[in-house]
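S.K.: My questions concern the predicted model and sequence given below.
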Amino acid sequence: MNLIDRKRKLFLKGFFVLALLDLLIQTWLMSQDKGSGNKGFGWGLPFSLGWQGDLRWWLIGLSILGLIGIGWWYKTSKRSIERLGLLMVILGGIINLTMRLVWGEVMDYLCVAGLYFNMADILITGGVLLVIKDSIKEK
């Protein structure tokens, strides 16, 4: 195995460790009734359509559809940076989906400039930025 492959595997292992750590932190905070529960989405910002009822099930359905679509995109992609970004989005999405299924909400425990988020949000946002950067670079 060459040096680039070893670095790539180490990088991916780091993302999996961050994802597991985020899941553990959120679960612990939920069990302790601490942190900021987020029944909506997007950095703790409130969201309401007025007619959606329990937003949790809408978000779970959208998450599942999104993960299926992004998983297909990941499987068919040939570009390594794009695949890395998509994998980050998938990991973050799985964490948030798991928390919504188990607890009914995600736990945001980081705050910057009044925006609340968690490690899954960082993975998703970072992954989207990598995909955008890769698509701009490709042109």
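M.R.: Done, it's in.

S.K.: Now name the helix or strand holding the most centrally placed residue in the chain.
M.R.: In the chain, the C-alpha nearest the mean C-alpha coordinate belongs to Gly92, at 2.0 Å (Cα atoms, centre = their mean). Following DSSP states H and E, the helix or strand that holds Gly92 is helix 80-103.

S.K.: which helices and strands sit right next to that helix?
M.R.: Helix 80-103 is packed against helix 3-32, helix 55-76, strand 106-108, helix 119-138, with contacts defined by 3 or more Cβ pairs under 8 Å, 6 or more residues apart in numbering; DSSP states H and E. For every residue, glycine as well, the C-beta is placed using N, CA and C.

S.K.: Sort out which residues of the last one are buried, please.
M.R.: Right, helix 119-138. Of the residues in helix 119-138, Met119, Ala120, Asp121, Leu123, Ile124, Thr125, Gly126, Gly127, Leu130, Val131, Asp134 count as buried by neighbour count, 16 or more other Cβ atoms under 10 Å.

S.K.: hmm, who's touching the helix or strand bottoming out on mean pLDDT in the chain?
M.R.: For the chain, using mean pLDDT, DSSP states H and E, the weakest element among its helices and strands is strand 36-38, scoring a mean of 75. The contact list for strand 36-38 (Cβ atoms under 8 Å, 6 or more residues apart in numbering) reads Met30, Gly44, Trp103, Glu105, Val106, Met107, Asp108, Tyr109, Cys111, Tyr116.

S.K.: By neighbour count, which of the residues you listed wins?
M.R.: Val106 (29 neighbours; other Cβ atoms under 10 Å).

S.K.: can you pull the pLDDT of the closest residue to it other than its chain neighbours?
M.R.: The shortest distance from Val106 to any non-neighbouring residue, by Cβ to Cβ, 6 or more residues apart in numbering, is to Met99 (4.5 Å). pLDDT recorded at Met99 is 86.
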